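**Student:** Pasting a predicted model and its sequence here:
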Amino acid sequence: MYVSMISKKKCHKDFVVLAFYHFIQIDDVEILKISMKKVCEDNKIIGTILLAEEGINATIAGGRAGIDNLLSHLKVDIRFSNLVYKESFTKKKPFKRLKVKTRNEIVSMGIPNTDPKSLSGIRVDAHQWNQLIQDPDVITIDTRNEYECEIGSFKNAVSPGTKTFREFPGFVDKALDPEKHNKVAMFCTGGIRCEKATHYLLKKGFKEVYQLDGGILKYLETVNHEESLWHGECFVFDDRVTVDKNLGPGSFKQCSACRRPLSAKDRESPNFVQGISCPHCYGKISVKKLSALKERQHQIELRKIRKNGTIRNDKRN
């Protein structure tokens, strides 16, 4: 059986959150979907797994034994024998259920024939990353979306100001020049977006393109606080919403209406109503959706009454 190398002192936590991706040709996507779902169900693993002919992308959670069993199952398959992954820990259930889905792409940039297996940036590990991004000749690009960059990033990193990853090629075409930007360093949450982003830049004629191997999550897992150049928290795609420098649950919550991460200041706004709206979406929600959100929140409050005999205020910090 595969044995995790993560420190055993962290194994008292209830859930291990496992994030990984792997670009590899998969010709039996539907068969793999069935086997992945079964092994996850057998080991009480929750979260999301995306499968496509180009590879696998997953963020899942479970107990230590269950996660190790899944990793052992994957390692038996030669296609995933060198799988690289990131782990973090939480006491609270980070997902509601298991979802195993098939897609045309495991991460969509909207550019046909993007194949990171054939061409991608130079991988830089977490310890080398600090030296790279402090080079004055290097421009550092945060390939994540605008709301993710606002929560936390590396100092002086450029945000593309995108709402979705599909907008990223447009940012490159407008803001970057292969003749002017000789060295480009890129990073994202776990590394997957950089695989396609660096591929795109190299195809556009950029000469030196680097990517943070393992992404922000591996950096936070590896680099000591005293040496870290990371500022703020990191958005993650589960119910924790964000993680701090220790990879523990962060301080942000998520709006039930628009799914935007909300800071403590956002939650103090008069436009924040628990389960219904926030400063980012107030006044922009359709009447039909608003009605559904109010009913959903009403049902949540009723369940709280039945369970605790009390009802909480709509406003909270």
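**Tutor:** Nice, thanks for sending it over.

**Student:** Tell me the spacing between residue 161 and residue 229.
**Tutor:** If you measure residue 161 against residue 229 using C-beta to C-beta, to the nearest Å, the figure is 22 Å. No exception for glycine: its C-beta is placed from N, CA and C like everyone else's.

**Student:** repeat for residue 288
**Tutor:** 46 Å.

**Student:** for residue 268, same thing?
**Tutor:** Here residue 268 is placed at a distance of 30 Å from residue 229 (C-beta to C-beta).

**Student:** between those two, which one's more packed in?
**Tutor:** Set side by side, residue 268 and residue 229 show unequal neighbour counts under other C-beta atoms under 10 Å, the larger going to residue 229 at 16 against 13.

**Student:** How many residues are close by residue 122?
**Tutor:** Per other C-beta under 10 Å, the neighbour tally for residue 122 reads 13.

**Student:** Spit out the contact partners of it.
**Tutor:** With contacts defined as C-beta atoms under 8 Å, 6 or more residues apart in numbering, the neighbours of residue 122 are 208, 209, 210, 211.

**Student:** Can you tell me which of those residues are buried?
**Tutor:** Among the contacts of residue 122, those that count as buried by neighbour count (16 or more other C-beta atoms under 10 Å) are 209, 210, 211.

**Student:** what comes into contact with whichever strand or helix holds the last one?
**Tutor:** Think residue 211. Here residue 211 sits within strand 208-212, counting by DSSP states H and E. Under the contact criterion C-beta under 8 Å, 6+ apart, strand 208-212 has outside partners 120-124, 126, 129, 132, 138, 182-188, 191, 194-195, 197-198, 201-202, 218-219.

**Student:** mind running it again at 6 Å?
**Tutor:** If you take C-beta atoms under 6 Å, 6 or more residues apart in numbering as the criterion, strand 208-212 is touched by 121-124, 129, 183-187, 194, 198, 201-202.

**Student:** Let's see the pLDDT reported for residue 307.
**Tutor:** At residue 307 the predicted local distance difference test score is 79.

**Student:** How far does the helix or strand hosting it sit from its chain's centre?
**Tutor:** For residue 307, the element it lies in under DSSP H and E is helix 287-308. Average the C-alpha atoms of helix 287-308, do the same for its chain, and the two points are 28 Å apart (C-alpha atoms, centre = their mean, to the nearest Å).

**Student:** Give me the helices and strands touching it, please.
**Tutor:** For helix 287-308, not one helix or strand is in contact under the criterion 3 or more C-beta pairs under 6 Å, 6 or more residues apart in numbering; DSSP states H and E.

**Student:** And the helices in this structure, which stretches?
**Tutor:** Assigned by DSSP state H, the chain shows helices spanning 29-42, 64-76, 126-133, 146-151, 168-175, 192-203, 215-222, 264-267, 287-308.

**Student:** Residue 247: neighbouring residues, count only.
**Tutor:** Each residue near residue 247 was counted by other C-beta under 10 Å, and the total is 20.
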